[in-house]
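Asker: fold the following and give me the result.
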Amino acid sequence: MVYLKYLNLFDAFGWFAAANHRPKRVAKLSFYTIYYILYTSFSSQAQTAYNKKINLPLYKTVYHIDTVSPSFNFQLITLTKHEDDEREDTTGNYNKIQKKKTITHYYGEDLQAGKVNFDSPQVVKKFAGNQALHFTPTDNSIAASDGNIIISCINSSMFVFDTTGKKLLEKNFATIINDPTLIGHYYYDPRIMYDHVSQRFVISILYGDKPTNSNLIILTSLSANDYNNWHIYKYNIANNWPGNWLDYLSLAINSHEIFISGNLFDANNNFVSSVVFQIGKPSAYSGQTLQINLHGALSGRPFNLVSVYHPASHTYDSYMYFVSNIPAGGDKLYIYKIKTPTDNSDVLSNTIIVDRYSPPIDALQKNSTMKLDQGRCRIRGAFWQNGIIHTVFVSKDANNFGKLYYMRFDAGNNVAQWQTFGLGSVDYAYPVVCPFTNDSLNQTSLISFLASGQDRFPECRAVICDNDFIFSSSTLIRKGDNSVKTSAAQNGVERWGDYTGNIFVNAPGNPHAWMAAAFGNSSQSWNTYIAKIGRPNDTTQTIIPQNKMSIYPNPMMDVATIEFEAGESNIYSLDIITLDGKRIDAVWNATVFKDNKYILQFDKSPLAPGIYIIVLRKQNGKEILKQKMVVFGKG
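Answerer: Next up is the predicted model:
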């Protein structure tokens with residue numbers, strides 16, 4: 001996501017032994033949940049270097065960009081990266097731990113013979129997206145309007161589709177912005193969101209990788225579902241931070257304002273500070289001069305401050321949260337809060353002690369000695385749902401493979417819980433999380449991520465974590481066609497992902513998400529794949545609402561009773577399924593008549609303590625009802 005000269009991070013830190021050697025790793029499953037009760041509240045930051053207001057006039061308004069001739073540069077450029085800030089917060093003002101509880105489960109990855117892929121994400125629609133013609137990695141970002149317009153952004157270009165997958169527009173950012181003063185470098189790090197309250201697309205993007213040319217570009221669409229006409233604002237970073245340049249963008253919107261955060265670096269690429277641009281929406285959407293509140297030099301000196309977006313901005317009015325962690329590994333997560341609308345109040349901050357996370361080493365690829373950069377533990381995205389902050393990043397497992405480290409933080413009660421998800425023999429990387437339910441009280445989420453290993457080319461996947469913090473099996477969204485090996489690789493390592501895009505669409509009766517992610521194409525470069533992902537059983541629940549099932553006592557000690565009614569006559573079976581999809585036992589199989597109540601009892605003798613799924617299915621294998629069941633005591 002950065003230009004500049006390439007610095008080999010792996011030679012710089014002790015966790016990388018040698019450029020061409022990967023420690024032997026044995027496949028092992030690991031999956032756990034930890035709960036921490038934190039009883040200190042948000043406190044005002046100890047020192048704030050500045051909180052100042054600036055004005056930014058409109059640079060230009062562009063119309064009918066579909067008629068502008070493209071200006072592609074087909075030289076392959078790697079957006080190389082620099083050192084992340086390694087310093088941990090040493091203030092000692094950490095929240096104390098009151099309780100700790102650990103639960104261990106196991107899970108599966110794919111639907112296999114003899115297994116049921118419980119509650120896995122369902123691919124409803126999928127199609128090819130942007131191709132990385134001259135940038136690596138792709139830095140994917142995606143947004144969807146209420147009027148069925150999808151915009152997919154990567155470092156070089158913006159593609160527009162309707163929800164059927166028909167491509168409506170393809171433009172590179174240099175052509176859209178068309179600024180003759182910004183020459184000799186590239187636009188990169190695009191972030192896009194759709195404001196569902198004000199009905200506008202918003203894009204933030206960077207230009208330049210040194211203090212002499214660093215610019216933040218902001219684009220806002222002129223109207224709802226408009227992808228052809230844009231207000232453009234251009235901010236020269238040297239105007240406020242001479243000698244610095246900006247990188248690592250994050251974008252979020254609430255009902256009042258637009259928030260853009262990033263990292264400042266000096267001319268030698270040393271990290272200086274995270275900064276936040278707090279921008280009023282009315283001026284941005286009408287092409288008027290922006291009044292921007294700048295926040296910087298935050299307590300704890302966070303690296304890579306990620307804004308926490310809300311899918312329904314009108315319920316998230318009075319503040320904006322941000323999260324950060326330590327990219328090189330650590331045991332802390334930082335939460336920040338800025339009050340809105342724009343004022344001069346201090347930024348509030350909190351530090352959470354978590355299980356230690358560490359960056360995995362470079363990922364393997366099938367049939368290739370070229371490795372993939374894992375991007376360390378840096379957070380890429382977060383969202384807020386009914387007082388709970390969700391975020392995800394990657395950490396290494398016991399075998400040095402990348403796994404997902406997913407966290408939920410109750411900001412009102414200071415309660416945090418987290419889990420990891422990984423296969424133990426495949427690298428998972430560049431995860432991003434979004435809500436996956438239209439019930440604002442439900443915390444079910446969808447995590448999109450990339451994967452690669454000795455048995456597969458670089459691919460993209462998705463997994464559901466439900467309201468009870470139980471993972472589904474993951475679903476393959478797009479398998480890789482080949483390993484990636486470009487002319488921009490450095491020291492036997494390819495840049496990979498940097499970002500994966502996903503966004504939730506809260507459609508009544510049809511909640512779903514759109515995902516944009518990179519996979520290895522047949523030419524050994526990166527392509528983007530776009531997928532509409534639906535929740536399992538939504539169609540079933542809508543079509544057959546009269547199906548009913550209850551289990552009691554639940555949790556069960558010795559004997560459980562299952563009551564159910566079916567909405568139509570058929571041959572049905574009741575199966576017991578483990579969380580990793582293994583069928584343990586068939587409880588019952590017989591003809592069922594419509595609207596009759598059936599009561600079954602069974603003992604727990606074949607079951608070890610744990611969580612199971614009771615599945616009612618028709619003779620054709622179609623699942624009608626599912627319910628979790630907990631077994632206590634010795635098996």
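Asker: give me the distance between Pro296 and Phe277.
Answerer: You called it Pro, but residue 296 is Gly. Here the criterion is Cβ to Cβ, to the nearest Å. By it, Gly296 lies 10 Å from Phe277. In this view, the C-beta of every residue, glycine as well, is placed from N, C-alpha and C.
Asker: so these two - more neighbours on which side?
Answerer: Neighbour comparison, Gly296 and Phe277: the larger count goes to Phe277, with 24 against 18 (by other Cβ atoms under 10 Å).
Asker: what helix or strand is that one on?
Answerer: strand 271-280 (DSSP states H and E).
Asker: remind me what that strand packs against, helices and strands.
Answerer: Packing contacts for strand 271-280, counted by 3 or more Cβ pairs under 8 Å, 6 or more residues apart in numbering; DSSP states H and E, involve strand 257-266, strand 290-296, strand 319-324.
Asker: relative to strand 290-296, how tilted is the last one?
Answerer: Think strand 319-324. Angle, strand 319-324 to strand 290-296, by axes from the mean of the first three to the mean of the last three Cα atoms, to 10 degrees: 40 degrees.
Asker: returning to that earlier point: the strand holding Phe277 vs strand 290-296, what angle?
Answerer: Using the same axes, to 10 degrees: strand 271-280 against strand 290-296 is 150 degrees.
Asker: what's the angle from strand 271-280 to strand 257-266?
Answerer: 160 degrees.
Asker: strand 271-280 - which strands sit beside it in the sheet, and in what orientation?
Answerer: strand 257-266 (antiparallel), strand 290-296 (antiparallel) (DSSP bridges).
Asker: now find how far off-centre the longest one is within its chain.
Answerer: The gap between where strand 257-266 is centred and where its chain is centred comes out at 19 Å by Cα atoms, centre = their mean, to the nearest Å.
Asker: relative to Pro190, which of the helices and strands packed on strand 271-280 is closest?
Answerer: strand 257-266 (11.9 Å; Cβ to Cβ).
Asker: okay, the closest one in PDB with CA atoms only?
Answerer: Provided in PDB are the C-alpha atoms of strand 257-266 (Å, rounded to 0.1, in the frame of the first residue of the first chain):
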ATOM      1  CA  GLU A 257     -19.400  13.500   9.200                       C
ATOM      2  CA  ILE A 258     -16.700  11.800   7.100                       C
ATOM      3  CA  PHE A 259     -13.700  10.400   9.000                       C
ATOM      4  CA  ILE A 260     -10.400   9.700   7.200                       C
ATOM      5  CA  SER A 261      -7.400   8.500   9.200                       C
ATOM      6  CA  GLY A 262      -3.800   7.800   8.200                       C
ATOM      7  CA  ASN A 263      -0.200   7.600   9.200                       C
ATOM      8  CA  LEU A 264       2.400  10.400   8.800                       C
ATOM      9  CA  PHE A 265       6.000   9.500   7.900                       C
ATOM     10  CA  ASP A 266       9.000  11.700   7.600                       C
END
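Asker: which of the residues in that strand are buried?
Answerer: By neighbour count on 16 or more other Cβ atoms under 10 Å, the buried set for strand 257-266 is 257-265.
Asker: which two of those have the greatest separation?
Answerer: Once Cβ to Cβ is applied, the buried residues of strand 257-266 give Glu257 and Phe265 as the farthest pair, at 25.5 Å.
Asker: can you pull the contacts of the most centrally placed residue in the chain?
Answerer: In the chain, the C-alpha nearest the mean C-alpha coordinate belongs to Val432, at 1.0 Å (Cα atoms, centre = their mean). Val432 makes contact with 380-381, 392, 447-449, 499-502, according to Cβ atoms under 8 Å, 6 or more residues apart in numbering.
Asker: try 10 Å this time
Answerer: 140-141, 379-383, 391-393, 446-449, 497, 499-503, 515, 517 (Cβ atoms under 10 Å, 6 or more residues apart in numbering).
Asker: looking at these, which are in strands?
Answerer: Among the contacts of Val432, the members falling in strands (DSSP state E) are 141, 382-383, 391-393, 446-449, 501-503, 515, 517.
Asker: what's the closest of those residues to Ile571?
Answerer: Leu446 (33.9 Å).
Asker: the residue lying closest to that closest one once chain neighbours are set aside and Asp189, how far apart?
Answerer: Take Leu446 and drop its neighbours on the chain: the residue closest to it by Cβ to Cβ, 6 or more residues apart in numbering is Phe436, 4.0 Å away. As judged by Cβ to Cβ, Phe436 and Asp189 stand 26 Å apart.
Asker: repeat that for Ala238.
Answerer: 18 Å.
Asker: buried only: go through the ones in strands among the contacts of Val432 for me.
Answerer: For the ones in strands among the contacts of Val432, buried by 16+ other Cβ under 10 Å: 141, 382-383, 391-393, 446-449, 501-503, 515, 517.
Asker: anything in contact with each of Gly296 and Phe277?
Answerer: Common neighbours of Gly296 and Phe277 (Cβ under 10 Å, 6+ apart) do not exist.
Asker: nearest to Ala132, of the buried residues of strand 257-266?
Answerer: Taking the buried residues of strand 257-266 together and measuring to Ala132 by Cβ to Cβ, the closest member is Gly262, at 22.5 Å.
Asker: can you get me the start-to-end distance on stretch 470-488?
Answerer: Chord length of stretch 470-488, first to last residue, is 40 Å (Cα to Cα, to the nearest Å).
Asker: scratch that, stretch 171-182 is what I was asking about
Answerer: End residues of stretch 171-182 are separated by 17 Å (Cα to Cα).
Asker: Ser307 touches Ile253, doesn't it?
Answerer: Yes: between Ser307 and Ile253 there is a contact under Cβ atoms under 10 Å: 8.9 Å.
Asker: shared neighbours of the two, anything?
Answerer: In contact with both Ser307 and Ile253: 193, 259-260, 320, using Cβ under 10 Å, 6+ apart.
Asker: export these to JSON lines and tack on pLDDT and distance to Ala174?
Answerer: Below are those laid out as JSON lines (pLDDT from 0 to 100; distance: Cβ to Cβ, whole Å):
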{"residue": "Met193", "pLDDT": "95", "distance to Ala174": "22"}
{"residue": "Phe259", "pLDDT": "94", "distance to Ala174": "26"}
{"residue": "Ile260", "pLDDT": "97", "distance to Ala174": "20"}
{"residue": "Met320", "pLDDT": "89", "distance to Ala174": "31"}
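Asker: domain parsing of this protein, as residue ranges.
Answerer: 9-63+89-536, 542-631 (automatic domain parsing).
Asker: pretty sure Leu216 sits in a strand.
Answerer: Yes: read with DSSP: H, G, I helix; E, B strand; the rest coil, Leu216 is one of the residues of a strand.
Asker: I figured it hits Leu249, correct?
Answerer: Yes: with contact defined as Cβ under 10 Å, Leu216 reaches Leu249; the gap is 7.8 Å.
Asker: pull up the overlap in contacts between the two.
Answerer: 189, 204-206, 260, 262, 277.
Asker: what is the nearest of those residues to Leu169?
Answerer: For the shared contacts of Leu216 and Leu249, the minimum distance to Leu169 (Cβ to Cβ) is 16.4 Å, reached by Ile205.
Asker: who's in contact with the closest residue to the closest one other than its chain neighbours?
Answerer: Using Cβ to Cβ, 6+ apart and skipping the chain neighbours, the partner closest in space to Ile205 is Pro190 (4.4 Å). For Pro190, the contact set (Cβ under 10 Å, 6+ apart) comprises 139-141, 151-158, 173, 203-206, 217, 219, 249, 251, 499, 501.
Asker: which residue sits closest to Glu170, ignoring its sequence neighbours?
Answerer: Using Cβ to Cβ, 6+ apart, the nearest residue to Glu170 is Phe159, at 5.3 Å.
Asker: which ones are touching the one you found?
Answerer: 128-131, 142, 150-153, 167-171, 227, 516, 528, 530.
Asker: what do you get for Asn527?
Answerer: Asn527 neighbours (Cβ under 10 Å, 6+ apart): 128-132, 138, 154, 478, 480-481, 517-521.
Asker: okay, Ala238 and Asp189: which has more neighbours?
Answerer: Higher neighbour count among Ala238 and Asp189: Asp189, with 25 against 17, using other Cβ under 10 Å.
Asker: low-confidence regions, the stretch 301-450 of the chain specifically.
Answerer: 312-317, 342-346 (pLDDT under 70).
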